[in-house]
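Participant: All I have is the shape, not the residue letters:
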């Protein structure tokens, strides 16, 4: 790990592979399954027959039987906690009676069909199945399609399949990359198009989601994993270092920043990072971690909020006191025991979070990602007559006389 003591700030995002992704999207839109299978063979080294694109539901069900008991119990606990937090976020319809007599009721309705992208690469991300599928179920989505890149020989990872069973998902596809996003967005012979696509992925997946937005909804554009730690006072430097190293496991482009409130904390955490990193082979040598001494807690918070990180940890009494003032972060972890890794797996919060500064305007994945607000308007009795003069005046001022006539006729 490389510790950088310059002033905090993220390295710029990797370039978007716009043209290459656009070519893949166009091919899948035009040629459907054939294009998906071609790219699956090229990128994932898996040669599949058309009927193998969707995993046989019997294979999905059977995966639960080979899941290690400890992993099964862990997934069940994660699912229960994510479900409990998701259910708490559902809102009741709101009805407003207005002075002219009209009634406007605003309620939420779920999308019909959602696609969940589960990344491949370093591991089988069973936790992502739970983080995406359970809020969709809680939101009321009836159809959920999960896709993940196939492994060697074209096999679907059994842990992914087992997670799908525990989440009540039976529709699973062996496909990844931009071609999977295209299949979900446009539909193919084997894959019915969805209304919303969620889930993290590499820059090709993210660029594909950006390009299909508008055809479908998306949860956001995921970038490299981010963690800012504000640490002060009596902290355990090894715990802070482990939290930073844990996020570094997501890859060499992980964005890590330590903001210390005193010099002793800075030096002790940097020392722990330099001591612990070499013994952890899952953390690559070229991962960079910023380390900066803030003049005071107020400045530390200002800097953190300028970064608007995916994860923000507040450790030490002075740092923890900032918790109520944080407005720009994907998720905030307060206290020495609240390591970010708990949020990645079992705390109940969602690990699909805004990155790249998007925490300024975007929220974590939740049931709201899969629901739309819809108004129902009724104008009983004399409500239309009372509203028509004002409505007609505005319509004519905007050059729409038939709008005015439509309202006045009801008066």
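Facilitator: That came through fine. Everything numeric here is computed off the predicted structure, so don't read it as measured data. Numbers count the residues shown, from 1 in each chain.
Participant: Ends of stretch 85-96, what's the gap?
Facilitator: Terminal residues of stretch 85-96 are spaced 28 Å apart (Cα to Cα, to the nearest Å).
Participant: Mind listing what's buried along the helix or strand of the chain with the lowest mean pLDDT?
Facilitator: Least confident helix or strand, the chain: strand 2-4 with a mean of 88, by mean pLDDT, DSSP states H and E. For strand 2-4, the buried set under the neighbour-count rule, 16 or more other Cβ atoms under 10 Å, comprises residue 3. All C-beta spots, glycine's among them, are computed from the backbone N, C-alpha and C.
Participant: Then stretch 349-365?
Facilitator: For stretch 349-365, by 16+ other Cβ under 10 Å, it's 349-359, 362-365.
Participant: cool, stretch 144-155 as well?
Facilitator: So for stretch 144-155, counting by 16+ other Cβ under 10 Å, buried means 144, 145, 146, 147, 148, 149, 150, 151, 154.
Participant: one step back: could you point out which of the buried residues of stretch 349-365 is nearest to residue 224?
Facilitator: The closest of the buried residues of stretch 349-365 to residue 224 turns out to be residue 355 (Cβ to Cβ; 6.8 Å).
Participant: Next one: that closest one from residue 82, what distance?
Facilitator: Distance, residue 355 to residue 82, using Cβ to Cβ, to the nearest Å: 20 Å.
Participant: Domain parsing of the protein, as residue ranges.
Facilitator: The chain is divided into the following domains under automatic domain parsing: 2-12+223-360, 32-218, 379-409.
Participant: The residue lying closest to residue 253 once chain neighbours are set aside and residue 10, how far apart?
Facilitator: Once flanking residues are discounted, residue 253 sits nearest to residue 224: 4.2 Å by Cβ to Cβ, 6 or more residues apart in numbering. According to Cβ to Cβ, residue 224 and residue 10 sit 9 Å apart.
Participant: intersection of neighbour lists for the two?
Facilitator: residue 255 (Cβ atoms under 8 Å, 6 or more residues apart in numbering).
Participant: picking that back up, nearest to residue 370 among the domains of the chain would be which one?
Facilitator: domain 32-218 (3.8 Å).
Participant: so who does the most centrally placed residue in the chain touch?
Facilitator: In the chain, the C-alpha nearest the mean C-alpha coordinate belongs to residue 352, at 2.8 Å (Cα atoms, centre = their mean). By Cβ under 8 Å, 6+ apart, the contact set of residue 352 is 128, 131, 132, 198, 199, 200, 219, 220, 222, 364, 365.
Participant: Do you know the pLDDT at the first one?
Facilitator: The reference is to residue 128. For residue 128, the model assigns a pLDDT of 97.
Participant: Number the residues from 43 up from this point.
Facilitator: Right, with 43 as the first residue, what we last looked at is residue 170.
Participant: you'd agree it is up against residue 241?
Facilitator: Yes. With contact defined as Cβ atoms under 8 Å, residue 170 reaches residue 241; the gap is 6.0 Å.
Participant: Which residue is the nearest non-sequential neighbour of residue 237?
Facilitator: Residue 237 sits nearest to residue 153 (Cβ to Cβ, 6+ apart), 3.9 Å away.
Participant: and what of residue 207?
Facilitator: residue 106 (4.6 Å).
Participant: The one you found - that's part of a helix, no?
Facilitator: Yes. Residue 106: assigned to a helix according to DSSP: H, G, I helix; E, B strand; the rest coil.
Participant: follow-up on the earlier one: what's the spacing between the residue nearest to residue 237 and residue 416?
Facilitator: Residue 153 is 12 Å from residue 416, by Cβ to Cβ.
Participant: more crowded one of those two?
Facilitator: residue 153 (20 against 11; other Cβ atoms under 10 Å).
Participant: quick one: that one from residue 132, how far?
Facilitator: Where residue 132 is concerned, residue 153 sits at a distance of 15 Å (Cβ to Cβ).
Participant: circling back: return the member of the contacts of residue 394 nearest to residue 275.
Facilitator: Nearest member of the contacts of residue 394 to residue 275, counting by Cβ to Cβ, is residue 406, at 28.4 Å.
Participant: For residue 276, list the residues it contacts.
Facilitator: Contacts of residue 276 (Cβ under 8 Å, 6+ apart): 358, 359.
Participant: quick revisit: so is the residue nearest to the centre of the chain in a helix, a strand, or just coil?
Facilitator: Residue 394 - assigned by three-state DSSP - is coil.
Participant: The residue nearest to residue 237 contacts residue 411, doesn't it?
Facilitator: No. Using Cβ under 8 Å, residue 153 is not in contact with residue 411; the gap is 9.1 Å.
Participant: returning to that earlier point: would you list the domains of the chain in JSON lines and tack on distance to residue 68?
Facilitator: What follows is the domains of the chain, written out as JSON lines (distance: least, Cβ to Cβ, whole Å):
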{"stretch": "domain 44-54+265-402", "distance to residue 68": "25"}
{"stretch": "domain 74-260", "distance to residue 68": "8"}
{"stretch": "domain 421-451", "distance to residue 68": "39"}
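Participant: Which one of those lies nearest to residue 60?
Facilitator: When the domains of the chain are ranked by proximity to residue 60 (Cβ to Cβ), domain 74-260 comes first, at 6.2 Å.
Participant: Let me see the contact set for residue 112.
Facilitator: Residue 112 neighbours (Cβ under 8 Å, 6+ apart): none.
Participant: Just the element for it, please.
Facilitator: For residue 112, the host element (DSSP states H and E) is helix 111-129.
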